[in-house]
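Trainee: The amino acid sequence is not available; the structure is as follows:
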């Protein structure tokens, strides 16, 4: 599965726990530590090391209210949005239309609203053949749609709503736009598979954000220190932990199917 000691698939993900779900023969997985700039550099390094295709695979924050924890998304477009993503006026407008959406455990019925013009700094197109191959690893309920890459954690509900209003992206992460940019510059095919961990109605506790080290590992000390500063976050941390259990189960399923689905065609 590896020619000349070279991994044929290069994957960029956020943290070590995600990477552990994705490693396989012929696959080189690298962690950005949830850092958008690092993700871009890692993608370039994978290309230099001879990867035949690049993937952004891992967890993502849900933006579309119809998608709950564990939902698998294969991107057919990747947007890059830099800097501030809160748009209070746009969010308020969409919130009115969302008022009657019926939600159960983070899943919602169709919004029935037209998508606005995308407000993004850049847009990238995943390779069409990779989109078709990747959709087979997500199970029968895989969603095909846009992903937005950001340079910071989208933690607040109002920020998620504002970003969804701007782009109609299904989810946000901090690696996909870096991978997409590096792949496009080098004319290397790329694809994206993301699993929702925190749905659009869930806020990400600051203690969780603080716990991620630059190398993608988790610092229990930093987490406990963050929780000591914000003890009221313990409930949100427990809720996110339950969502994470669902999300990682889906990600492990994706990881088991990636190499068999892709290596045959490279």
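Mentor: Sure thing, it's come through. For clarity, every value in this text was computed on a predicted model and none was experimentally measured.
Trainee: how deep is residue 236 tucked in, by neighbour count?
Mentor: Residues lying near residue 236 (other CB atoms under 10 Å) number 18. The way it works is simple: take the backbone N, C-alpha and C, and place the C-beta from them, glycine included.
Trainee: wait, I meant residue 21
Mentor: Applying other CB under 10 Å, I find that residue 21 has 22 neighbouring residues.
Trainee: Run a quick neighbour tally on the closest residue to residue 72 other than its chain neighbours.
Mentor: In this structure, residue 72 finds its nearest non-sequential neighbour in residue 138, 3.6 Å apart by CB to CB, 6 or more residues apart in numbering. Using other CB under 10 Å, residue 138 has 21 other residues around it.
Trainee: Retrieve the pLDDT associated with residue 138.
Mentor: If you check residue 138, the pLDDT there is 78.
Trainee: And the helices in the stretch 101-250 of the chain, which stretches?
Mentor: In the stretch 101-250 of the chain, the helices defined using DSSP state H, counting those that start in this stretch lie at 128-134, 157-167, 176-186, 206-210, 220-229, 234-263.
Trainee: so what does the shortest one touch, helix or strand wise?
Mentor: By that I understand helix 206-210. Applying 3 or more CB pairs under 8 Å, 6 or more residues apart in numbering; DSSP states H and E, one finds that helix 206-210 contacts helix 220-229, helix 234-263.
Trainee: Least confident of those helices, on average?
Mentor: helix 220-229 has the lowest average pLDDT among the helices and strands packed on helix 206-210, namely a mean of 75.
Trainee: which helices and strands does it pack with?
Mentor: Short answer (3+ CB pairs under 8 Å, 6+ apart): helix 220-229 packs on helix 206-210.
Trainee: just to revisit the earlier point, could the helices of the stretch 101-250 of the chain go into CSV alongside distance to residue 146?
Mentor: As requested, the helices of the stretch 101-250 of the chain are exported to CSV (distance: least, CB to CB, whole Å):
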stretch, distance to residue 146
helix 128-134, 12
helix 157-167, 7
helix 176-186, 10
helix 206-210, 24
helix 220-229, 32
helix 234-263, 18
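Trainee: looking at these, which is closest to residue 22?
Mentor: Residue 22 lies closest to helix 234-263 among the helices of the stretch 101-250 of the chain, at 4.4 Å (CB to CB).
Trainee: Can you pull the poorly scored residue ranges out of this structure?
Mentor: Of all residues in the chain, those with pLDDT under 70 make up the ranges 1-7, 83-120, 227, 232, 265-266.
Trainee: what residue is smack in the middle of it?
Mentor: residue 60 (3.1 Å; CA atoms, centre = their mean).
Trainee: tell me the angle of the host helix or strand of that one relative to helix 157-167?
Mentor: Using DSSP states H and E, residue 60 sits in strand 53-62. Angle between the axes of strand 53-62 and helix 157-167 is 130 degrees (criterion: axes from the mean of the first three to the mean of the last three CA atoms, to 10 degrees).
Trainee: Who are the packing partners of strand 53-62?
Mentor: By 3+ CB pairs under 8 Å, 6+ apart, strand 53-62 packs against strand 9-13, helix 16-20, helix 36-48, helix 128-134, strand 171-173, helix 176-186, strand 190-198, helix 234-263.
Trainee: let's go with 6 Å and repeat that
Mentor: strand 9-13, strand 171-173, helix 176-186, strand 190-198 (3 or more CB pairs under 6 Å, 6 or more residues apart in numbering; DSSP states H and E).
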